[in-house]
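> Just need the structure, nothing else, for what follows:
(4 chains)
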Number of protein chains: 2
Amino acid sequence: NILMRQEKLIHFLQSTGFINPQKSEEIAAYFSTYVISRNEYFLKEGTICNTYLFLENGFMRAFAYDTAGNDITTNFYEGSQVVFEVSSFFHRTKSQENIQAITDCEGWVITYEELNYLFHALPEFREFGRHLLVKGFALLKTRMLSMITETAEERYKRLLNHNAEIFQYAPLKYIASYLGVTDTSLSRIRKEFSKK
Amino acid sequence: NILMRQEKLIHFLQSTGFINPQKSEEIAAYFSTYVISRNEYFLKEGTICNTYLFLENGFMRAFAYDTAGNDITTNFYEGSQVVFEVSSFFHRTKSQENIQAITDCEGWVITYEELNYLFHALPEFREFGRHLLVKGFALLKTRMLSMITETAEERYKRLLNHNAEIFQYAPLKYIASYLGVTDTSLSRIRKEFSKK
DNA sequence: AACGCTTCTTGCCATTTGGCAAGCAGAAAA
DNA sequence: TTTTCTGCTTGCCAAATGGCAAGAAGCGTT
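Predicted coordinates:
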């Protein structure tokens, strides 16, 4: 039974308080199942992000290449989060980022057209969408401030406290570039940290 | 004549292509004039941001305090931009940031209630609002990537190219914390840069 | 004009982080 | 099983950035 399996999605839709249980099920019905294997791409740079994914299980990461060709992790995603490239999705422009599964993943998706239809038809879903967007914005601002005011070790601790599970699945180099240090430095930071 | 003086606002409303000239004037009519003198606060931390400001002339900056009590500039604003703290405004929560005029400023404002009314009543204004939000998000992502991949000197050059006017009005220390360096270092970077 | 205040620069040295390369261990592939 | 590849660590040294304090320069106020 499909509805049964949408439990997490329905719960997520209700989580902000904008959408009541009945509407949640209604909205969830628009979503299709989505699975992706480890190392496969959800989004490739140069393409337009057309899929709005609710990630139910698994881990993913977004990354971009800097001018020297280094792979920089820009974000990590874990279960019960939405995954999409905001700018490409809403502005219908080519993405500058890649999004890749770092474990096998399962989730639920709708297309841009479907989402837009729902936004126009359901004010509460619109509010919900804006809430997520604003929350993501605020999170990024916090991370920016952390990048300016904290040392690499403090940022490491912060990630360890808030997203400990990432460390079980992502190789060190992915985490290092996310924290804004080299993998060499992160290895040393981790060594220092383990002494304490 | 008020309408005359709203030229910049009306032009701004049309700039994304979502709002036609007639609707622009209609929407602009909801805005009230706003003036603020140098060093005065548009928003103080601990209060809820209730004002959506279109800045017509002047320069402002947002800043927060880190755990050591240092004042960190999180953003600069110049004419023909909107100024508000996204998270506080939309989530109705206390702001963790301050926003301050760094020159005398003039602009146009609406309240949260007015903006919300317009969002619900006018789909095109809603689109416009989302467009700005997404654009701000994308800009912050770019800045984050720049913070990770570029040296302080490169970030300095980038700011100089994109927001040269800021340098005429903001003291060095404001710019330094925005770039993620100390004012001492920025002074040296600037010295090195001027040699070339 | 004189004073106080802020801003900016600079010297000295410490700390943080990076770059490179070697080595090791474990996992995946053959 | 053997081979190959990837991920992680570590030593050595360089580069970037910070912390502190002194001094110079500019600005506004009285």
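> Could you count how many residues lie near the closest residue to A:Thr16 other than its chain neighbours?
The shortest distance from A:Thr16 to any non-neighbouring residue, by C-beta to C-beta, 6 or more residues apart in numbering or on different chains, is to A:His131 (4.9 Å). Where you see a C-beta, it was placed from the backbone N, CA and C, and this is true even at glycine. By other C-beta atoms under 10 Å in any protein chain shown, 16 other residues sit near A:His131.
> and chain A, which residues reach DNA strand C?
Contact residues (C-beta under 7 Å from any atom of the strand) of chain A with DNA strand C: A:Thr151, A:Ala152, A:Glu153, A:Gly180, A:Val181, A:Thr182, A:Thr184, A:Ser185, A:Arg188, A:Ile189.
> and with 6 Å instead?
Chain A comes close to DNA strand C at residues A:Thr151, A:Ala152, A:Glu153, A:Val181, A:Thr182, A:Thr184, A:Ser185, as judged by C-beta under 6 Å from any atom of the strand.
> And for the fourth one, the neighbour number?
This means A:Val181. Neighbours of A:Val181 under the rule other C-beta under 10 Å: 20.
> quick one, what contacts A:His131?
By C-beta atoms under 8 Å, 6 or more residues apart in numbering or on different chains, A:His131 lies in contact with A:Thr16, A:Phe18, B:Phe90, B:His91.
> What distance do you get for the third one to B:Ala138?
When you say that, I think you mean B:Phe90. 18 Å (C-beta to C-beta, to the nearest Å).
> same check, this time on the last one
Taking C-beta to C-beta as the criterion, B:His91 is separated from B:Ala138 by 20 Å.
> Beyond the helix or strand bottoming out on mean pLDDT in chain A, next helix or strand please.
In chain A, no helix or strand scores lower on mean pLDDT, DSSP states H and E than helix A:2-5, which sits at a mean of 62. Next in sequence after helix A:2-5, counting helices and strands by DSSP states H and E, comes helix A:7-14.
> roughly how far is that next one from the heart of the chain?
The chain centre lies 16 Å from the centre of helix A:7-14; the measure is C-alpha atoms, centre = their mean, to the nearest Å.
> Residues of chain A that sit close to DNA strand D?
Contacts of chain A with DNA strand D, taken as C-beta under 6 Å from any atom of the strand, map to A:Pro171, A:Leu172, A:Lys173, A:Asp183, A:Thr184, A:Ser187, A:Arg188, A:Arg190, A:Lys191.
> Nearest residue to the second one in space, please, no chain neighbours.
Nearest in space to A:Leu172, with sequence neighbours left out and distances taken as C-beta to C-beta, 6+ apart, is A:Asp183 at 5.1 Å.
> so what's that neighbour up against?
Contacts for A:Asp183 (C-beta under 8 Å, 6+ apart) come out as A:Leu172, A:Lys173, A:Ala176, A:Ser177.
> Please repeat the previous calculation with a cut-off of 7 Å.
Contacts for A:Asp183 (C-beta atoms under 7 Å, 6 or more residues apart in numbering or on different chains) come out as A:Leu172, A:Lys173, A:Ala176.
> What of A:Val109?
Counted by C-beta under 7 Å, 6+ apart, A:Val109 has contacts A:Phe31, A:Ser32, A:Tyr34, A:Thr51, A:Tyr52, A:Leu53.
> Could you give the bridge partners of the second one?
On the basis of DSSP bridges, A:Ser32 takes part in beta bridges with A:Val109.
> what about it, neighbour count?
12.
> what do you get for the last one?
Using other C-beta under 10 Å, the number of residues around A:Leu53 comes to 23.
> Compute the distance between the closest residue to it other than its chain neighbours and A:Arg158, please.
With C-beta to C-beta, 6+ apart as the criterion, A:Leu53 has its nearest non-adjacent residue at 4.4 Å, and that residue is A:Val83. Using C-beta to C-beta, A:Val83 is found at 22 Å from A:Arg158.
> more crowded one of those two?
Set A:Val83 next to A:Arg158 and count neighbours by other C-beta under 10 Å: A:Val83 wins out with 25 against 15.
> Pick the one among the contacts of A:Val109 closest to B:Arg38.
A:Tyr52 (44.0 Å; C-beta to C-beta).
> partners of the helix or strand hosting that closest one in the sheet?
If you go by DSSP H and E, A:Tyr52 is part of strand A:51-57. Paired strands of strand A:51-57, with direction, are strand A:81-83 (antiparallel), strand A:105-111 (antiparallel) (DSSP bridges).
> quick one: average pLDDT of it?
Strand A:51-57 shows a mean pLDDT of 97.
> between that strand and helix A:7-14, how many degrees?
Angle, strand A:51-57 to helix A:7-14, by axes from the mean of the first three to the mean of the last three C-alpha atoms, to 10 degrees: 120 degrees.
> Just the buried residues of strand A:51-57, please?
Going by neighbour count (16 or more other C-beta atoms under 10 Å in any protein chain shown), the buried part of strand A:51-57 is A:Thr51, A:Tyr52, A:Leu53, A:Phe54, A:Leu55, A:Glu56.
> What are the contacting residues of that strand?
With contacts defined as C-beta under 7 Å, 6+ apart, strand A:51-57 is touched by A:8-9, A:12, A:31, A:34, A:42, A:77, A:79, A:81-84, A:89, A:105-111, A:115.
> Please pick the buried ones from the residues you listed.
Buried residues within the contacts of strand A:51-57, counting neighbours by 16+ other C-beta under 10 Å: A:8-9, A:12, A:31, A:34, A:42, A:77, A:79, A:81-84, A:89, A:105, A:107-110, A:115.
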